[in-house]
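Student: what's the 3D shape of this:
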Amino acid sequence: MQSLSNSSSSPFTSPPRVYSLNYAGKSVTFEFGKMARQADGSVLVSCEGTQVLVTACSSREMKEGQDFFPLMVDYIEKFYSAGKFLGGFLKREGRPSTHETLVSRLIDRPLRPLFPEGYLHDTVINCTVLSYSEKGDSEVLAGLGAAAALAISDIPFKGPLGMIKVGRVKGEWTSSLNNKDWTQSDVEVLVAATDEAILMVEGECAEISEEEMLQALKIAHQEIKNFCSFLKEIEQKESPKKRSFVPVALPEELLISCEKAFSEKAHALLEITDKKQRSLATAEFVKEVSKCLLEKPSQFVSQGKESLISSKTGAKIVEELLYKIMRRQILKEGKRIGGRSTTQVRPIYTEVDTLHAPHGSALFTRGETQVLASVTIGGLKDEQMVDRIVGQSFDRFYLHYNFPGYSVGEAKGKMGVSRRELGHGNLAQRALKRTMPPTDTFPYTVRVVCEVLESNGSSSMGSVCSGSLGLMAAGIPVVAPAAGIAMGLISDGQDFKILSDILGDEDHLGDMDFKVAGTAKGITAIQMDIKIAGLSWEIMEQALKQAKEGRLHILHEMSKTLEGPRSGFRPGVPLIESFPMPVDKFGMLIGPGGKTIKALQEQFKVTIECLEENGGVVRVMGVDPAMIQACIRSIRLQLDGPVVGENYLAKVVSIKEYGAFLDIAPGVSGLVHVSEFANERVQNPEEYLSIGEEVLVKVTEIDSMGRIKLSAKQAAPLTKKS
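Tutor: Numbering: from 1, shown residues only. Predicted structure coming up:
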């Protein structure tokens, strides 16, 4: 760690402070006091050409009636950072892209549990990529910068924490890959942690074991410990004085009195298995508690403290009661809502071909969580283009996740795609992407849409299950079926219980949401969020083990409907046939202004794609296999020329006195002399042929100048029209 000295010509009243660290084999620099000095905390983080400005601001006053922590994290990629213009019509960065939103969520999630309980002031973290190089990971730098900006600010925060990505290339674990090198890794896992425990995990893998996942997390944690030590040294030198605040909390006296008065009814609520009935009963219970508190406050608080009770107090009391009772029942009795054991998965129902028109569909129901998946199969033009500072990419597999209000019984309309929907859809996409066949053997673009119809516990994992069934029902040769399960945690610091297949209430009132998806062979995607200060390795190991057992159980239930991919697509699904063609011949196929390729596509009702990969490949996509083969024959004929002695179906393009010219392929024409029309003598060709008519002809000769002579009578003699 080092600090730069001040320059006599510096415009700063105090010189910027610069600290450096070797992090995962790369030099990372943190500059404080240089940019955005009016923010509560700011830092410019740099690594091998990549620079990210991170600022932290928190309001001094809390909004009246605030009952949740309003933290907002924005990760922003400026295209100028890579010397690029935005694609498309608009040339200014606007709303966050999907990737920016996903990274914002990744930074947000590990920060939340480290703010003090009861701190409900508006807090905003901005992470702006100002300079980009593929050697510096802007996402990791943004996470490190957020931790550093909070550490040196006066905002209350229980850090430090660090963030890092872990990969594995050719069996070797690493955390210092350049951006382009991640395509070679069979693991990409982002980990955030304090020096004591893991806070957040998200990533995808190529069917790795639980033991390998633990190994990856331990490697990541060791690097993060080094950063946390580094950040502690910075804090000591900067010596920030944290601001004071009054935590928002219910008075202990009120909690004790309400627990005595209402705990019996709260217990009864947790006995109701059906979510809708439990929600209705809870709403009535809130009304009852609120009425008692407002009408007889002196029964619950000491004289003079009646003003502490408001119209919102009843709801807070009920939530606190349910929180305490549910956790106590699980820890002491192993009893969950509805009486399930800690390892029990709710009943599962699955079906395929639920929808008639889509190329594949499946319905997955687990308890009160239900997801409908539809699969659409297309070609190259259906790829999803992604334009980022790292460059353009094209996704041939993508998944969209929708979470309408009716899925949880709410009367609200649809207003765009939420951050939550993007995050859940991305997790399901990662889980299924690793099961897709390679593009060299399966050259299709596939879109999966998951519609959440009911939700009470991990609809994202339900999307993995329904999506996998939908892919197999569509006849896509996936590597293996995939399933996912969400795990929960209840811990009092001493004892703990891991919960399989958590409900929404168990997620809300619990300490962890740990989602693991994969095949029978191994993990393909993982995501973990916690609400406490970290997880021990004992908890992590048990959660992974219990998740594997649950995943295998769900896969077994799914196999009762469909054990593997169907052979072939259903009728009406586009088919693709590929064949090699040198790139230098693409121009002949396309023709002047695209005339030739357009004519082929119109004639055979197909889509033709020319790809430069592997020296040149042509793909023909259509619904009718016969038309696809006819199109391919026509293309080969156009490029390689006809074969003497072969018969071809030809189209009449012009009629002369001496014969007719016919196209046996676009741009490939030949002459049928009147002597080759029929077995009898022909005086008027128009009595035998019409413009646009298709007839069978035989190639009899190709002269030295490439002129083609055709014969109708040697293939199928023409007859005089009546």
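Student: residue 199 and residue 530: what is the separation?
Tutor: Distance, residue 199 to residue 530, using CB to CB, to the nearest Å: 6 Å. All C-beta atoms are positioned from the backbone trio N, CA, C, and that covers glycine.
Student: any shared contact partners between those two?
Tutor: residue 113 (CB atoms under 8 Å, 6 or more residues apart in numbering).
Student: and the residue nearest to residue 209 when sequence neighbours are not counted, how many residues sit next to it?
Tutor: Ranked by CB to CB, 6 or more residues apart in numbering and with sequence neighbours excluded, the top spatial neighbour of residue 209 is residue 522, at 5.2 Å. By other CB atoms under 10 Å, the residues close to residue 522 number 18.
Student: angles on the backbone of residue 522, please.
Tutor: Here is the backbone geometry of residue 522 (degrees, to the nearest 10): phi -180, psi -180.
Student: wait, it sits on residue 204?
Tutor: No. With contacts counted by CB atoms under 8 Å, residue 522 stays clear of residue 204, the gap being 11.7 Å.
Student: how long is stretch 161-180 end to end?
Tutor: Between the opening and closing residues of stretch 161-180 lies a distance of 27 Å (CA to CA, to the nearest Å).
Student: which ones are touching residue 488?
Tutor: By CB under 8 Å, 6+ apart, the residues touching residue 488 are 498-499, 502, 506-507, 510-514.
Student: please redo it, this time with the cut-off set to 10 Å
Tutor: 330, 336, 342, 457-458, 497-503, 506-507, 509-514, 543 (CB atoms under 10 Å, 6 or more residues apart in numbering).
Student: the residue positioned nearest the centre of the chain and residue 579, how far apart?
Tutor: Centrality entry for the chain: nearest residue to the mean C-alpha point is residue 426, 1.4 Å, by CA atoms, centre = their mean. Applying CB to CB, the value for residue 426 to residue 579 is 36 Å.
Student: what ranges do the helices span in the stretch 301-450 of the chain?
Tutor: Ranges of helices in the stretch 301-450 of the chain, per DSSP state H, counting those that start in this stretch, are 313-333, 419-433.
Student: need the winner for burial among the ones you listed.
Tutor: Counting by mean count of other CB atoms under 10 Å, helix 419-433 has the highest mean neighbour count of the helices of the stretch 301-450 of the chain, with a mean of 23.
Student: and it, how far from the chain's centre?
Tutor: 3 Å (CA atoms, centre = their mean, to the nearest Å).
Student: okay, now the domains of the protein?
Tutor: Split into domains by automatic domain parsing, the chain comes to 17-238, 252-333, 348-559, 575-711.
Student: now the shortest one: how far from the chain's centre is it?
Tutor: Relative to its chain's centre, domain 252-333 lies at 39 Å (CA atoms, centre = their mean).
Student: show me where the stretch 601-722 of the chain has strands.
Tutor: For the stretch 601-722 of the chain, strands defined by DSSP state E, counting those that start in this stretch occupy the ranges 607-611, 617-622, 647-656, 659-665, 668-673, 694-702, 708-711.
Student: got the contact list for the closest residue to the residue nearest to the centre of the chain other than its chain neighbours?
Tutor: Leaving aside its chain neighbours, residue 426 sits nearest to residue 102 (5.5 Å; criterion: CB to CB, 6+ apart). Residue 102 is in contact with 75, 96, 139, 202, 419, 422-423, 425-427, counting by CB under 10 Å, 6+ apart.
Student: so residue 396 is in contact with residue 382, correct?
Tutor: Yes. With contact taken as CB atoms under 10 Å, residue 396 and residue 382 are classed as touching, separated by 8.4 Å.
Student: buried stuff in whichever helix in the chain runs longest?
Tutor: In the chain, assigned by DSSP state H, the helix with the most residues is helix 210-238. By neighbour count on 16 or more other CB atoms under 10 Å, the buried set for helix 210-238 is 210, 212-213, 215-217, 219-221, 223-224, 226-228, 230-231, 234, 238.
Student: in the stretch 401-550 of the chain, where is pLDDT below threshold?
Tutor: Low-confidence regions of the stretch 401-550 of the chain, defined by pLDDT under 70, span residues 533-534.
Student: show me where it has strands.
Tutor: Using DSSP E, counting those that start in this stretch, strands in the stretch 401-550 of the chain cover 445-454, 483-491, 496-500, 512-518, 523-530.
Student: mind listing what the last one pairs with, with the direction of each?
Tutor: Okay, so that is strand 523-530. strand 198-208 (antiparallel), strand 512-518 (antiparallel) (DSSP bridges).
Student: the last one: how far from the chain's middle?
Tutor: Centre-to-centre, strand 512-518 and its host chain are 15 Å apart (CA atoms, centre = their mean).
Student: ok, residue 308 to residue 298 distance?
Tutor: 12 Å.
Student: which of those two has more neighbours?
Tutor: Per other CB under 10 Å, whichever of residue 308 and residue 298 has more neighbours is residue 308, with 16 against 10.
Student: contact partners for the more buried one?
Tutor: Counted by CB under 10 Å, 6+ apart, residue 308 has contacts 250-251, 253-254, 293, 297, 300-302.
Student: who is residue 366 paired with across the strands?
Tutor: Beta-bridge partners of residue 366, as defined by DSSP bridges: residue 348, residue 369.
Student: find residues that contact each of residue 522 and residue 204.
Tutor: With contacts defined as CB under 10 Å, 6+ apart, the residues shared by residue 522 and residue 204 are residue 434.
Student: before we move on, back to that, got the strands of the stretch 601-722 of the chain as a markdown table, with mean neighbour count and mean pLDDT columns?
Tutor: A markdown table is the format used below for these (neighbours: other CB atoms under 10 Å; pLDDT from 0 to 100):
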| stretch | mean neighbour count | mean pLDDT |
| --- | --- | --- |
| strand 607-611 | 18 | 90 |
| strand 617-622 | 22 | 92 |
| strand 647-656 | 17 | 91 |
| strand 659-665 | 23 | 91 |
| strand 668-673 | 20 | 92 |
| strand 694-702 | 18 | 93 |
| strand 708-711 | 22 | 94 |
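Student: wait, which of those strands is closest to residue 558?
Tutor: strand 617-622 (30.3 Å; CB to CB).
Student: helices or strands next to the closest one in the packing?
Tutor: Contact here means 3 or more CB pairs under 10 Å, 6 or more residues apart in numbering; DSSP states H and E; on that basis strand 617-622 packs against strand 575-580, helix 595-604, strand 607-611, helix 625-640.
Student: wait, which of these is closest to residue 652?
Tutor: Ranking the helices and strands packed on strand 617-622 by proximity to residue 652 (CB to CB) places helix 595-604 first, at 14.3 Å.
Student: residues in contact with the closest one: which ones?
Tutor: Contacts for helix 595-604 (CB under 10 Å, 6+ apart): 586-591, 594, 606-610, 618, 620-622, 624, 626-635, 638, 651, 663, 665-667.
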